[in-house]
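In: quick one: sequence and predicted model below, then my questions.
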Amino acid sequence: MRTLLVALPGLVLAGIGLTHPHHLDASTAQWWRDMHVILAVIFPLLGAAQWFLLDDTPKYVRYPGRVLAFGFVVFYGALDALAGIGGGAMTLANGGRTSADEPLFKIGNQLGTVGAWCFLAASVAIVACALLKYRLKALPGAVFLLLGSYLFLSSHIYWPKGVIACACIAAGMAAISYASASGRPVIEDSTRT
């Protein structure tokens, strides 16, 4: 069940990414705004998936990794609130883009960049620990998670690169979760007699 739960946010993001307009204008503003309201709920779940995958890591990795996952949620959430919801609402109200909305997109993109780098760094922590602990079993998940996290730096969820990034993130998280679940003993050491 955990494997499905950590994959689900990336899969949902990939699906929504298929509908993400490439340009914001009067004809796309309604969906742009509404879609980012939905994304305001989904993106934090991606950070939560990282948080859970950091459960199996040593404390000296887990705590900084969780700070990075939190950074992703905060800074990437700011991007979606400003450029997504705010930019869409302004475009809708003005009947199109104007120079007045540029500051929203500028600061939103700057904050989103910080968030995307936080996501990549937390993914590197997850991957490094998974590879050290589960070796070859974690390799497929490591490749997918790192590839998706790298692509995510510059793609948001736009088709095609962003959708591929989110699908890779989902596959990578699922594979690492599966590798860690299959690496655990059926009976925990503390319950053995």
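Out: Thanks, I have the structure now. Residues are numbered from 1 along each chain as shown.
In: only C-alpha atoms from now on, for both contacts and neighbour counts.
Out: OK.
In: please identify the helix or strand for the closest residue to Ser149 other than its chain neighbours.
Out: For Ser149, the nearest residue in space outside its immediate sequence neighbours is Leu120; the separation is 5.2 Å by CA to CA, 6 or more residues apart in numbering. Under the criterion DSSP states H and E, the helix or strand holding Leu120 is helix 102-134.
In: give the next helix or strand downstream of that helix.
Out: Per DSSP H and E, the first helix or strand lying C-terminal to helix 102-134 is helix 139-155.
In: could you dump stretch 155-162 to PDB, C-alpha only?
Out: Taking Å, rounded to 0.1, in the frame of the first residue of the first chain, the C-alpha atoms of stretch 155-162 are listed here in PDB:
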ATOM      1  CA  SER A 155       9.900  21.500 -16.700                       C
ATOM      2  CA  HIS A 156       7.200  22.000 -14.100                       C
ATOM      3  CA  ILE A 157       4.500  19.500 -15.300                       C
ATOM      4  CA  TYR A 158       4.200  20.800 -18.900                       C
ATOM      5  CA  TRP A 159       3.800  18.200 -21.600                       C
ATOM      6  CA  PRO A 160       6.000  16.400 -22.700                       C
ATOM      7  CA  LYS A 161       9.100  16.900 -20.400                       C
ATOM      8  CA  GLY A 162       7.100  17.700 -17.200                       C
END
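In: buried residues in it?
Out: With burial defined by 16 or more other CA atoms under 10 Å, the residues of stretch 155-162 counted as buried are 155-159, 161-162.
In: look up how far Ala14 lies from the closest residue to Ala89 other than its chain neighbours.
Out: In space, Ala89 comes closest to Arg33 once its chain neighbours are excluded; the distance is 6.0 Å by CA to CA, 6+ apart. Here Arg33 is placed at a distance of 18 Å from Ala14 (CA to CA, to the nearest Å).
In: could you list every residue that touches Leu18?
Out: 158-160, 163 (CA atoms under 8 Å, 6 or more residues apart in numbering).
In: okay if I get those as CSV plus distance to Val61?
Out: Listed next are the contacts of Leu18 as CSV, based on distance: CA to CA, whole Å:
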residue, distance to Val61
Tyr158, 31
Trp159, 33
Pro160, 33
Val163, 29
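In: so of those residues, which ones are in helices?
Out: Those of these mapping onto helices are Val163, per DSSP state H.
In: low-confidence ranges in the protein?
Out: Residues of the chain meeting the criterion pLDDT under 70: 183-193.
In: find the centremost residue of it, please.
Out: The central residue of the chain, meaning the one whose C-alpha is nearest the mean C-alpha position (CA atoms, centre = their mean), is Leu46 at 4.4 Å.
In: my guess is it meets Gly10, correct?
Out: Yes: shown here, Leu46 and Gly10 form a contact pair, counting by CA atoms under 8 Å, at 6.7 Å.
In: returning to that earlier point: quick one, what contacts the residue nearest to Ala89?
Out: 84-89.
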